[in-house]
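# This is a predicted model, with the sequence first.
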Amino acid sequence: MSDKKANDTMEKLVSLCKRRGYVFPSSEIYGGLGSCWDYGPLGAELKRNIKTYWWDAMTNRRDDVEGLDAAILMHPQVWVTSGHVANFTDPLIDCKTCKGRFRADKLAECRCPIKPSKTPLECGGELTEARKFNLMFKTFMGPVEDETAVVYMRPETAQGIYVNFLNVKNSSRQKIPFGIAQIGKAFRNEITPGNFIFRTREFEQMEMQFFIHPSEDDKWFEYWREERWKWYQGLGIKMDKLRWHQHGKDELAHYAKAAFDIEYEYPFGWSELEGVHNRTDFDLGRHQEATKKDLRYFDERFTEKFVPYIIETSAGCDRTLLTVLVDGYDEIEVNGEQRVFLRLSPKIAPIKAAIFPLVKKDGMPEYANKVYNDLRRKFKVFYDESGAVGRRYARMDEAGCPYCITIDGDTLKDDTMTLRDRDTMQQSRLKVGEIIAFLDEKVNG
Ligand code: GAP
């Protein structure tokens with residue numbers, strides 16, 4: 001896709017998100033804050049649904065993964081042990097001419113702020129030598145703001161899992177192989193955030209760490225790669241827009257023996273959506289060494305004590321949300337009119353169905369309200385009686401709602417109503433009980 005087309009697509013999406021209440025610029029009435037975004041009514045619901053879909057797949061529907069919700073602020077030594085204080089850096093270059101700051105390893109992808117048609121390599125500005133810039137946000141704990149009070153905003157949720165390995169194992173009585181899953185905020189002082197909610201400084205991760213015997217790492221690595229691929233398939237994402245990218249030796253993080261990213265083809269190109277990593281015994285080994293706590297596990301199958309290896313699946317919640325919006329965005333002509341459809345899966349769509357009385361008279365609003373009240377006990381639904389029914393359909397199509405239910409004159413005679421499918425635009429007549437069963441299958445099936 002050309003730069004111009006990619007920009008247009010992203011601009012249309014950003015504008016749709018604002019119009020329909022998915023995503024707003026943070027602190028907008030103050031002029032916004034770089035790369036920080038707020039989720040509006042539909043965005044908050046979509047995010048919550050994505051997290052529930054992940055949590056169900058990764059914990060509730062399995063016996064071998066437990067959940068955790070660890071604190072964002074952790075003992076600062078954790079980040080020394082994990083290697084983040086020393087290694088979680090990007091190379092930073094300053095331009096003395098325009099005062100711009102760029103990632104040294106991405107100069108060819110950056111734009112000069114003064115001459116946006118050129119990269120910092122081409123614009124003639126005077127660049128400094130590259131220096132290491134640590135991406136962790138720091139703050140102070142307690143009233144004294146000195147070096148001894150420094151704590152970090154976690155840059156990944158994973159460490160909260162490692163330091164709780166013993167707590168979770170002992171309290172849940174799980175045996176290896178087993179996993180711990182967590183969803184939570186992470187913070188990175190990215191040098192070049194951007195592309196809407198793709199790369200931000202505050203974001204949410206959905207991470208799972210699976211503890212295994214070292215001899216079984218390849219088997220479990222392949223297993224989790226497959227599971228995570230199927231998860232995206234279940235979300236209805238176009239599979240030809242997804243691919244695997246294997247990290248070469250120069251790309252591997254300091255903790256990883258092997259890493260594969262699931263990439264999606266965004267309007268701005270193929271980019272990482274999730275990482276699956278073989279972290280070996282690096283994490284538990286380092287924490288064991290630093291704390292002198294025995295983090296080894298005795299496995300009856302192997303009759304030996306060992307530091308478990310870890311297979312990690314690490315997905316971004318905001319990035320998944322961006323992906324389903326990009327993937328679902330569609331513009332087509334309907335009856336001579338250019339219309340926008342947001343084709344979100346019913347499993348995660350913020351509103352599952354909209355209920356309309358065809359007209360605001362003859363008892364239809366009362367009947368429609370009763371249907372609305374019946375459905376809202378089980379699903380997030382929306383009632384709308386304003387404007388022509390065609391306009392109401394169009395509003396819901398753009399908001400990502402998969403089904404519309406219309407109460408008309410025949411409903412009052414035989415208790416059937418039309419159920420209209422957003423994607424096929426087909427209509428069928430059903431009774432309210434049948435609609436509930438249908439929605440249950442589509443949303444929870
Ligand atoms: N614990 C391993 C880890 O954090 P990562 O590849 O650095 O690995 C995992 O991050 C995922 O977190 C990424 O695939 C992406 O979805 C999400 N992510 C990372 N940095 C992000 C950022 N600045 N903004 C939004 N999402 C981000």
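Yes, it's here.
# Nearest residue to the middle of this structure?
Cys317 (1.7 Å; C-alpha atoms, centre = their mean).
# Phi first, then psi, for that one.
Torsion angles at Cys317 (phi, psi; degrees, to the nearest 10) stand at phi -70, psi -50.
# Then Gly160?
phi -60, psi -30.
# For the residue lying closest to it once chain neighbours are set aside, give me its contacts.
Excluding its sequence neighbours, the residue lying closest to Gly160 (C-beta to C-beta, 6 or more residues apart in numbering) is Ala70, at 2.8 Å. In short, each C-beta sits where N, CA and C put it, glycine included. By C-beta atoms under 8 Å, 6 or more residues apart in numbering, the residues touching Ala70 are 157, 160-161, 163-164, 182, 184.
# How much space separates the closest residue to the ligand within the chain from Gly409?
As assessed by C-beta to the nearest ligand atom, the ligand sits closest to Gly316 within the chain, at 2.3 Å. Separation of Gly316 from Gly409 (C-beta to C-beta, to the nearest Å): 49 Å.
# likewise Thr139?
Here Thr139 is placed at a distance of 63 Å from Gly409 (C-beta to C-beta).
# Phe306 now?
72 Å.
# ok, those two, which is more surrounded?
Phe306 (17 against 11; other C-beta atoms under 10 Å).
# List the beta-bridge partners for that one.
For Phe306, the beta-bridge partners under DSSP bridges are Tyr297.
# again, but for Glu207
With DSSP bridges as the rule, Glu207 is bridged to Gln182, Ser314.
# so it sits right up against Arg154, yeah?
No - assessed by C-beta atoms under 8 Å, Glu207 is found out of contact with Arg154, at 10.9 Å.
# Which residue ranges make up each domain of the chain?
As given by automatic domain parsing, the domain ranges for the chain are 3-78+142-325, 89-134, 351-444.
# which of the ones you listed has the lowest average pLDDT?
For the domains of the chain, mean pLDDT drops lowest on domain 89-134, to a mean of 90.
# the strands in the stretch 51-200 of the chain, which residues?
For the stretch 51-200 of the chain, the strands defined by DSSP state E, counting those that start in this stretch cover 65-68, 89-94, 101-103, 131-134, 138-140, 150-152, 178-187.
# So the third one, near the ligand or not?
No - counting by C-beta under 6 Å from any ligand atom, the ligand is not contacted by strand 101-103; separation bottoms out at 12.4 Å.
# what's that strand in contact with?
Here strand 101-103 has contacts from 90-95, 110, 120, 191-192, using C-beta under 8 Å, 6+ apart.
# correct me, but the residue nearest to the centre of the chain touches Met206?
Yes - between Cys317 and Met206 a contact is recorded at 5.4 Å, counting by C-beta under 8 Å.
# Quick check: neighbours shared by these two?
51, 54, 183.
# list the contacts for the last one?
With contacts defined as C-beta under 8 Å, 6+ apart, Ile183 is in contact with 51, 54-55, 69, 157, 204-207, 317.
# Verify the stated contact: Phe438 with Met417.
No - counting by C-beta under 8 Å, Phe438 stays clear of Met417, with 11.9 Å between them.
# Looking at those two, which is more packed in?
Met417 (26 against 17).
# Checking my notes, that one in a strand, right?
Yes - membership of Met417 in a strand is supported by DSSP: H, G, I helix; E, B strand; the rest coil.
# so what's it bridging to?
Leu430.
# Please tell me how far it sits from Lys378.
From Met417 to Lys378 the distance is 17 Å (C-beta to C-beta).
# Can you pull the residues of the stretch 51-200 of the chain lying near the ligand?
Within the stretch 51-200 of the chain, the residues that sit near the ligand (C-beta under 6 Å from any ligand atom) are 156, 158, 188, 190, 199-200.
# May I see the PyMOL selection of the buried members of those residues?
Listed next is the PyMOL selection for buried residues among these, using 16 or more other C-beta atoms under 10 Å:
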select buried, resi 156+158+188+190+199+200
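# List just the nearest of the residues of the stretch 51-200 of the chain next to the ligand to Asn7.
Among those, Arg199 lies closest to Asn7 (C-beta to C-beta), at 16.2 Å.
# so what's Thr323 closest to, chain neighbours aside?
Thr323 sits nearest to Tyr264 (C-beta to C-beta, 6+ apart), 5.1 Å away.
# who are the neighbours in contact with that neighbour?
Here Tyr264 is in contact with 237, 241-242, 270-271, 273, 323, 326-327 (C-beta under 8 Å, 6+ apart).
# Let me know whether the helix or strand harbouring it sits next to the ligand.
Tyr264 belongs to strand 258-266 when assigned by DSSP states H and E. No - interface with the ligand: strand 258-266 contributes nothing (C-beta under 6 Å from any ligand atom), its closest point being 6.7 Å away.
# Using CSV, list the CA coordinates for the helix or strand just after that strand.
Proceeding N to C from strand 258-266, the next assigned helix or strand is strand 269-280, under DSSP H and E. Presented in CSV, the C-alpha positions along strand 269-280 are these (Å, rounded to 0.1, in the frame of the first residue of the first chain):
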residue,chain,number,x,y,z
GLY,A,269,2.9,-2.6,6.7
TRP,A,270,3.5,-6.0,8.3
SER,A,271,4.1,-5.5,12.0
GLU,A,272,4.2,-7.5,15.2
LEU,A,273,0.9,-8.3,16.9
GLU,A,274,2.1,-11.0,19.4
GLY,A,275,5.3,-12.7,20.4
VAL,A,276,5.8,-16.4,21.4
HIS,A,277,9.2,-16.8,23.1
ASN,A,278,11.3,-19.6,24.5
ARG,A,279,12.7,-17.8,27.6
THR,A,280,14.6,-20.9,28.8
